[in-house]
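Colleague: Sequence isn't available, so here's the structure alone:
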């Protein structure tokens, strides 16, 4: 076999691993893109609430206007999930202080039948 044919044969043998690597990179990139798109789609659907039972349900955001009306009418329970110090510095009148790190242990203090509006700012 001539050198030229031998070299071409060797080049063909070394080229296929290159294309296999390229194919792997393309597959990984496609998986990452799909994952990002799925996460974006989930976040566009609105926030989710993980209940104590581990179930996931949709949570609708409350507009400032609706929150103000609920406060004025006393139709909602406002829960300040900031630190105790932040709550003491200022908070919504009548709001319950329930720091985020205590929510699990103090969840029984909230009535699930109430309209609960948590806030942190």
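Modeller: Received it, and whenever you're ready, just let me know what you need. Because the structure is predicted, anything quoted here is derived from the model rather than measured.

Colleague: So, low pLDDT: which residues of this protein?
Modeller: Counting by pLDDT under 70, the chain has low-confidence residues at 1-20, 22, 24, 26, 35-59.

Colleague: Quick check: can you list the domain ranges of the protein?
Modeller: 3-45, 59-119 (automatic domain parsing).

Colleague: ranges for the helices of the protein?
Modeller: Secondary structure of the chain (DSSP state H): helices at 3-44, 64-73, 84-89, 103-106.

Colleague: can you pull the buried residues of the third one?
Modeller: If you call a residue buried by 16 or more other Cβ atoms under 10 Å, then helix 84-89 has these buried ones: residue 87. For the C-beta atoms, the positions are set from N, CA and C on the backbone; glycine is no exception.

Colleague: can you list contacts of it?
Modeller: Residues from elsewhere that reach helix 84-89 (Cβ atoms under 8 Å, 6 or more residues apart in numbering): 80, 95, 97, 99.

Colleague: go again using 10 Å as the cut-off
Modeller: Among residues not part of helix 84-89, those counted as contacts by Cβ atoms under 10 Å, 6 or more residues apart in numbering are 80-83, 95-99, 102, 120-121.

Colleague: Could you pick out the buried ones from those?
Modeller: Burial of the contacts of helix 84-89 was assessed by neighbour count (16+ other Cβ under 10 Å); the buried members are 80-82, 95-99.

Colleague: now, among the residues you listed, which is nearest to residue 114?
Modeller: Nearest to residue 114 among the buried ones among the contacts of helix 84-89, counting by Cβ to Cβ, is residue 96 at 10.5 Å.
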